[in-house]
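# Next comes the sequence, and after it the predicted model I'd like to discuss.
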Amino acid sequence: MLTLNRKPELPLTDVQGLLQHELQEHRAAFEATAGMVSEPFVQSLRLLEQGVRAGGKVLLFGNGGSAADAQHIAAELVIRYKADRAPIAAIALSTDTSALTACGNDLGFDAIFERQIDALGRPHDVALGISTSGNSPNVLRALRQAKALGLHTLGLSGGTGGQMPALCDALIVVPSAVTARIQEMHITIGHMLCKALEQRLGLV
């Protein structure tokens, strides 16, 4: 049983202060992203459209919250974003627990996405790596392997992009140093990519 040390409740005035601070930080990240996202968004959409039209699938991967984003975006593509339409082939590489634990145990955690890219990647596929820092070793290794196989490589990152710019054909970088704000922008951008891709493919 979890035992918590009793502390005085946070005054409501402090709660309001926290709320306003977080909203302002979110607003700043949103505005900064809105000012630079247009060109890499169009590039990412173009590569996604090319890959899917040619019969490829989207392979998404990341760690922690980024793994959740990868799974979320994959579900929107396979099932639907808003309107009923034909499915778009997509796989989140963070969801197969047997593959993840086997690879982590036998080959090391840094290989968990690289190995799946090697096994599942085919011509015209698109690899989409998500890392708030741009420096996650397993994401970088997977992008490197995807490039070696001739896949299009896309990325969602934060800060200055870390090491991902050299490995991505198109990279959307959220110009923030706060992980939570970067993740909030990533899923917003993911939703917009899903909607735009549906429209470009003539599915809605």
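Looks like it came in fine.

# Send me the longest strand seen in the chain as CSV with only the CA atoms.
Longest strand in the chain by number of residues (criterion: DSSP state E): strand 152-158. The C-alpha coordinates for strand 152-158 follow below in CSV (Å, rounded to 0.1, in the frame of the first residue of the first chain):
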residue,chain,number,x,y,z
HIS,A,152,11.5,7.9,-46.7
THR,A,153,12.3,9.2,-43.2
LEU,A,154,10.2,11.8,-41.3
GLY,A,155,10.6,13.1,-37.8
LEU,A,156,8.9,15.0,-35.0
SER,A,157,11.3,16.6,-32.5
GLY,A,158,11.8,19.5,-30.2
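
# Report the central residue of this structure.
residue 130 (3.7 Å; CA atoms, centre = their mean).

# mind listing what it touches?
60-62, 66-67, 69-70, 139, 155-157, 186 (CB atoms under 8 Å, 6 or more residues apart in numbering). (Glycine included, C-beta is placed from N, CA and C.)

# how about the strands in this structure?
58-62, 90-92, 126-130, 152-158, 170-174.

# tally of neighbours for residue 147?
Using other CB atoms under 10 Å, residue 147 has 17 other residues around it.

# per-residue confidence at it?
pLDDT, residue 147: 98.

# quick one: the residue nearest to it when sequence neighbours are not counted from residue 32, how far?
Excluding its sequence neighbours, the residue lying closest to residue 147 (CB to CB, 6 or more residues apart in numbering) is residue 153, at 5.5 Å. Going from residue 153 to residue 32 by CB to CB, to the nearest Å gives 24 Å.

# All the helices of the chain, residue numbers only.
12-34, 38-53, 65-78, 97-106, 112-120, 137-148, 179-200 (DSSP state H).

# by contact count, what packs against the second one?
Applying 3 or more CB pairs under 8 Å, 6 or more residues apart in numbering; DSSP states H and E, one finds that helix 38-53 makes contact with strand 58-62, strand 126-130, strand 152-158, strand 170-174, helix 179-200.
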